[in-house]
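# Give me a model of this one.
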Amino acid sequence: MPAAASAILDCHCHAWRRWPYEPPVPDEYARGTVEQLLYEMDAHGVEFATVVCATIEDNPDNLDYVESACNRYPGRLAMVADHDCQWSVTYHRPGSAERLLALTDRYKLVGFTHYVLEENDGWLRSDDADAVFTVAAERRLIVNLAAHPAWHADLREIAARHPTVTVLCHTVGGIRAQEGLGAPSFAEVLASAVVPNIHIKLAGLHYCTDRGWNHPWPDVLVAIERIYEAFGPSRLCWGSDYPASKRFTTYRQSLEAIRTHCAFLSEDDLRLILGENLRRLLATT
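Down below sits the predicted model:
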C-alpha cells in the first residue's frame, strides 16, 4: 500500500473474469478484468485500490479471481470479500460469523462486504450480526455495507457496540437524491454521523439519482455537501465503482466528480477523501 499522503486510493471497485451485467456485450471476457482496472488506475494516477468481490452471474470464482490478481500485482490491490450477500443462498441464515471466520482463514482480506435487500429484515439487530461484528473486530476487518437508509438506525446501534470496527457505507450511504434533502431517508444517513466509526463511500454517485447519466450528478453533489458537513472530511472515501460504473460514466468522470466539481472541498479535504482516509483505515487491518 502506498505510504505517500498525497496518493490517490480507490476504496470501491470490482474485477470480474466475465462481464456480469445485461445486456450481453461482445467483449465479455475483457470488459471487467483486473487488467482493465489497472489500466484505468494507471491512466488517472490512482496508486492503490480495494477490490470489492461480487460473485454474481457467471462469476462463482470471483474471490479466487481477485485473490490471484492481488498476488500478481502486489502493492496495487487489496481484497474485500463478499459475504452472505443478498444473492447468496446463505443470506441471513444462521452461522454467518463461522462462515466469515472460514473466509478469513482462506483469503487475505482487509474487509468484507455485505449487500442487503432494500427492506430491513432486522438482521443487524440479531445475535448473528453481533457475532459477525465481533469477528470483524478480532480479525481487524473493515465492514463494507451496501444498504438502504432504512438500515441506518440499526447500523448505528451495532456500530456503537463495536467501536473498534470501521464501517464503510456504500454509495453515499444509500441516498436517493431525487427524494430531496428533507426526506426521512436522508435524515437517517445524516444521523449516522453521531457514530464515529461509521464512514461513507463517495462512490457510485450514478446510483444515487434517477438521472444516472447526468454527470457530475449535481443533485447528488448537493447531498454530498450536507453529508460532508455532518461527517467531516475524515470519514469520507472516494471510490470509482469501476467497471460497474462503465454503464453510466468513465473512470475519469467518477474521480473528477469529487476532485473538480465539489467546490466546497478544500485541497486538504481532497487529500483526505481521495486517499489519505483509506490509507489510514487500511493501516489498522
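# which residues sit in contact with N120?
148, 150-151, 154 (Cβ atoms under 8 Å, 6 or more residues apart in numbering). All C-beta spots, glycine's among them, are computed from the backbone N, C-alpha and C.
# out of those residues, who has the most neighbours?
Neighbour counts for the contacts of N120, by other Cβ atoms under 10 Å, peak at W151, which reaches 25 neighbours.
# Quick check: it vs E188, distance?
Plainly put, W151 is 9 Å away from E188 if you go by Cβ to Cβ, to the nearest Å.
# For L77, list each beta-bridge partner.
When bridges are called by DSSP bridges, L77 pairs up with A49.
# how many neighbours does it have?
Using other Cβ under 10 Å, L77 has 24 other residues around it.
# got it, and the one 10 residues further on?
For W87, the neighbour count with other Cβ under 10 Å is 12.
# cool, and H14?
Residues near H14, counting by other Cβ under 10 Å, number 24.
# repeat for P74
7.
# any idea which element it lies in?
Assigned by DSSP states H and E, P74 belongs to neither a helix nor a strand.
# Kindly report the same for M79.
Secondary structure assignment for M79, by DSSP H and E: strand 77-82.
# Over to D219?
Secondary structure (DSSP H and E) places D219 in helix 218-231.
# Would you mark the buried spots in that helix?
219-221, 223-224, 227-228, 231 (16 or more other Cβ atoms under 10 Å).
# What average pLDDT does that helix get?
When pLDDT is averaged along helix 218-231, the result is 98.
# can you list contacts of it?
Taking Cβ under 8 Å, 6+ apart as the rule, helix 218-231 contacts 172-173, 175, 177-178, 181, 186, 189-190, 193, 199-200, 202, 205, 208-209, 211, 236, 257, 261-262, 264-265, 269.
# Give me the buried subset of those.
172-173, 175, 177, 186, 189-190, 193, 199-200, 202, 205, 208-209, 236, 257, 262, 265, 269.
# next one: phi and psi at K201?
Backbone geometry at K201, expressed as degrees, to the nearest 10, gives phi -90, psi 120.
# Would you map the strands across this protein?
Counting by DSSP state E, the segments of the chain that form strands are 8-13, 46-52, 77-82, 111-115, 142-146, 167-169, 198-202, 236-238.
# In TSV, list those along with mean pLDDT.
TSV is the format used below for those (pLDDT from 0 to 100):
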stretch	mean pLDDT
strand 8-13	98
strand 46-52	98
strand 77-82	98
strand 111-115	98
strand 142-146	98
strand 167-169	98
strand 198-202	99
strand 236-238	98
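# for those, which one sits closest to L63?
Closest of the strands of the chain to L63 is strand 77-82, at 5.6 Å (criterion: Cβ to Cβ).
# CA atoms of that closest one as CSV?
Presented in CSV, the C-alpha positions along strand 77-82 are these (Å, rounded to 0.1, in the frame of the first residue of the first chain):
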residue,chain,number,x,y,z
LEU,A,77,-4.7,-4.1,-4.9
ALA,A,78,-6.4,-5.4,-1.7
MET,A,79,-9.3,-7.8,-1.4
VAL,A,80,-12.7,-7.2,0.2
ALA,A,81,-14.7,-10.5,0.1
ASP,A,82,-18.4,-10.6,-0.4
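# And that strand, what does it pack against?
For strand 77-82, the packing partners by 3 or more Cβ pairs under 8 Å, 6 or more residues apart in numbering; DSSP states H and E come out as strand 46-52, helix 62-72, strand 111-115.
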